[in-house]
Each structure stands twice: as structure tokens, then as C-alpha cells.
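# Got a sequence here, can you build the structure:
(chains A and B)
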Amino acid sequence: MKQSELLILMGIMSLTTYLVRMIPFVLFRHKIRSRFFRSVTYYMPYAILSAMSIPGIFYCTGDPYTATGGFLAAVLLTLKRCNIVIIALGACAAAVSIHVLLALV
Amino acid sequence: MQKSPYTYREGLNDGLPIALGYLFVSMSFGIAAVNYGIPVLHTILISLTNLTSAGQVAGVEILKDVSVFAVSAMEMFLTQLVINLRYSLMGITLSQRLDDSFSTGKRFLLSYFITDEIFCIAAAKQHFIGTRYFLGLATLPLLGWTFGTSIGALVASWMPVSISNLFGIAIYAMFICLVLPVAQERKGVRLCALLAVIISCVIRYVPLFSSISSGFSIIICALIASCVCALLLPADEAEEEGER
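The predicted model follows:
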């Protein structure tokens, strides 16, 4: 592929991503009064995060054992009300330990 | 007039865990992109100008084998449109929770920072948010994302992908941390999370839906789960404005 083609494709990529974010954000200025719509916006972030997490988390490391270990560590640390950074590091530590263990077996 | 009580500094604080998660995730993106044959500098530029995970991964997959330029250009446009369409929904949702400091000009600039995690933290704040807080929230994640990509791109030649992939779990751990405590306390959020997970599993595992892309799947899950919950258990004013 030519250098210029690569740059044009990268431009299309960035511009599309930006416009998709910018247009509704600039155009929708008014507060919406409908209780239904306000409820939808209340639930939306939780729906998106849940849908992205499961089943995605079980595939993100490339093997189901390390992913499940990381998942369980994250759930356990969250239930114990740990700090968000601790939870992220704990999940990584669990995934890395299981990876090392599997390599040794 | 509405004015947000949150400062730039509070934004930085809230953004730190997102930035740490991004650091790990973007490292694996940097490694993958360079392994696909994209130059290091271009890889970093992609992260700096897109600031999104799923869209970038799909983007470099198109870049790695371009045969007919016009076809790839069309494919790039459509893929980015569908995968990132959820940011449109988020922008409209976020619009409901902004104070008057968000002028039109600032919206043009700040819309660039709407990502899944930044949106969720901002939308889950108790009170209205202002431009200072939002910019603070976005600062460290942008640095983490770009810096992580740079590290990943530079070490790609010697670090095995199987190792770098392990750190991808960090971002999911953060998702769990955002949803689970609220789901324990609130019935509506519990139902919403459960519904979203069921729909996303159905789309993933039922062969009939196998052609649905990951970005489009998120849109479907988000719309169905949040609309059903809004009908069955409308959030009351206290939940919308107060103790979230």
C-alpha cells in the first residue's frame, strides 16, 4: 500500500469517529422532560458496561483460564469494596499468575 | 443558570483509574498494529486521533490488507460509523447532565473525549458536570492511551503477544467495579445489567446473529436493556439527580 493511501484511510477513520461523537453532542442541547427518556439515560451506562464485559472478558486474554481468573479476582475485589486501581491490578496479577502456572505445568 | 460543583482536579482524580486501564489496553493495541505491519509513528497517530478501542482494532484490520483502495475506504467509513455509533447515544445522554459552561464551541472540542469509560464516569456523577471537570476527567486517559500505544508499538518486536494480551483484562475489571456495587444496591440497575448480559450472550452465541458486529451488538444491548428497565422501573428523581 502507498504511503498516501495509508494516510487517507487513517484520515477517514479519525474523521468518521469524530463526527459520530460531535454531531449529536452539538445538536442535542435541550434538557428532555420525558420521564421515560430520563430513565433510559440513567440506565444506559450500566447496560453498555455490562454488555461489553460479558462475554467479552472471557476472550480478552486469549485463553479462558487466565480470563476467568482475572474475572473472579475483579468480582471478589469489587465485593470487598477495594479501590478501582487495586481491582485493575489484582485482575492483571491473577491473569499473569495463572499464565505462569499453566506454563509450569 | 446551572453550575457544576466539580473542579478540574476532581476530574483528574476520577480519570486516573481509567488512564491506568487504558495504559494496559492500548499497549496491546500498539503491539497488534505493529504486528500487522503499520509503522510505529502511524500507530501512535491513530491512537491520538481516535481515542477508542474497538474502532481502532477494526480500523487496523482494514489497513493491514488493502487491495482496492476505494473499497477499503468505504469499508473504513461504514465500520467506524457502526462501531462508534454508541458515542452518538452517549453524547445525547451526556447532554442531559451538563451545566451551562458547555457552549457550542466547547462542545465541538470536548466531544472528541467521549469514550465508554469517560462517559460512564461523567454520566454517573451526582450533579451536573462542567467543562473543567470533563477536561480534567479526559486528560489522563488521553495521555495513558497515547503513551500506552507508544510503549506497545516500540516493544512489539520483543514482547510475546500472549503476555501483553493478559493486561487487557484491566479494562474489564474497571467495568465490573463500575456496575457491580450499584447493581447490588438498586433493583433497576440489577435488572438492566442482567438483561444486557443475556442479550449480548445471545448475539454472540446464536448462529443467526453471528453477522452482527461488536459495535452494533453494544448498541442493540444498550437500547433494549435500558428501554425495558425504563418502562418497568422508571428511575425516580432521587436516582437521576441525587444519590447515584
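# OK, contacts around residue 62?
You didn't say which chain, so I picked chain A. The contact partners of A:Gly62, by Cβ atoms under 8 Å, 6 or more residues apart in numbering or on different chains, come to B:Val161, B:Ser162, B:Asn165. All C-beta spots, glycine's among them, are computed from the backbone N, C-alpha and C.
# my question was about chain B
A:Leu9, B:Ser72, B:Glu75, B:Met76, B:Thr79.
# domains in chain A, as residue ranges please.
Annotated domains of chain A cover A:1-29, A:31-104 [automatic domain parsing].
# residue contacts, the one residue sitting closest to the centre of chain B?
Ranked by distance to the mean C-alpha position of chain B (Cα atoms, centre = their mean), the top residue is B:Asp116 at 2.4 Å. The contact partners of B:Asp116, by Cβ under 8 Å, 6+ apart, come to A:Ile48, A:Leu49, A:Met52, B:Ser53, B:Arg86, B:Met90.
# If we only consider the residues you listed, which is nearest to B:Val155?
B:Ser53 (19.0 Å; Cβ to Cβ).
# hmm, back to that, adding mean pLDDT, write the domains of chain A out as CSV.
Formatted as CSV, those follow (pLDDT from 0 to 100):
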stretch, mean pLDDT
domain A:1-29, 93
domain A:31-104, 89
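# What residue spans form the domains of chain B?
Split by automatic domain parsing, chain B gives B:8-178, B:186-236+B:240-244.
# could you redo those as TSV and give each row distance to A:Asp63 and mean pLDDT?
Output for the domains of chain B, formatted as TSV (distance: least, Cβ to Cβ, whole Å; pLDDT from 0 to 100):
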stretch	distance to A:Asp63	mean pLDDT
domain B:8-178	8	88
domain B:186-236+B:240-244	17	85
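# Point out the most buried one among those.
Burial of these is given as mean neighbour count (mean count of other Cβ atoms under 10 Å in any protein chain shown); domain B:8-178 ranks first at a mean of 20.
# any idea how far B:Pro77 is from B:Ile219?
Let me fix one detail, which is that residue B:77 is Phe and not Pro. 17 Å (Cβ to Cβ, to the nearest Å).
# Now do the SS call for the residue most central in space within chain A.
Nearest to the geometric centre of chain A sits A:Met52, at 5.9 Å (Cα atoms, centre = their mean). At A:Met52 the chain is in helix, as set by DSSP: H, G, I helix; E, B strand; the rest coil.
# what's the answer for the one 10 residues further on, then?
Per three-state DSSP, the secondary structure class of A:Gly62 is coil.
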